[in-house]
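*Asks:* Quick one, fold the following:
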Amino acid sequence: MNIIYKSSLFSIVLALSPQSLADNKYTLGLGVGTMYGGLGMNAGVQSDVDIKYVSAGILQLSGSSTTYGLGLGWITTDLFDFQSKKHGINIYVGAVGTENSFDGNDPVYGGGLGYSYFFSGIDQSGFNIGFTLLAGKGSEESATGAFIQAGYQF
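*Replies:* I've put the predicted structure just below:
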């Protein structure tokens, strides 16, 4: 768990450093998937080839309890030699699932690696789809699996 906090802090520092913000713009997205904290939103810094984001949303609704998901991620289109800015590889750290606790459900934190397709390109507003393969360990349970993503980046 300590490594999650350290990597999260490192990601925030990189995303918000003055040099990295010089040629970037801010973005906001709504949808479902790790990029959106479950069912929710993200806010990020967008360049011509990548997005660094913070996500927050609802992971699970069950009866009287709601489990919220928070995460950090980075999506880039120039990691491999793609011919367009539509294909992105993403790295994610944050909530990857839920586990039962005495007062409802708690989030399970971990990380993931995935793929995103931006219909208009990563540097433009538009719809996106994708998936992320996830793994994490909670206090009682481990979580592995995949999360499908669909949303709109403004």
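
*Asks:* How about the secondary structure of the residue nearest the centre of the chain?
*Replies:* Central residue of the chain (C-alpha atoms, centre = their mean): Met35, 3.2 Å from the mean position. Secondary structure assignment for Met35 (DSSP: H, G, I helix; E, B strand; the rest coil): helix.

*Asks:* Quick one: the strands in this protein, in order.
*Replies:* For the chain, the strands defined by DSSP state E cover 25-33, 38-46, 50-62, 65-76, 87-101, 104-118, 126-137, 142-153.

*Asks:* Just put the ones you listed in a markdown table and tack on mean neighbour count.
*Replies:* Every residue, glycine included, has its C-beta placed from N, CA and C. Converted to a markdown table, those look like this (neighbours: other C-beta atoms under 10 Å):
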| stretch | mean neighbour count |
| --- | --- |
| strand 25-33 | 17 |
| strand 38-46 | 20 |
| strand 50-62 | 20 |
| strand 65-76 | 20 |
| strand 87-101 | 21 |
| strand 104-118 | 20 |
| strand 126-137 | 18 |
| strand 142-153 | 16 |
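
*Asks:* so can I have a markdown table of the ones you listed showing mean pLDDT?
*Replies:* Below are those laid out as a markdown table (pLDDT from 0 to 100):
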| stretch | mean pLDDT |
| --- | --- |
| strand 25-33 | 96 |
| strand 38-46 | 96 |
| strand 50-62 | 93 |
| strand 65-76 | 93 |
| strand 87-101 | 91 |
| strand 104-118 | 92 |
| strand 126-137 | 96 |
| strand 142-153 | 91 |
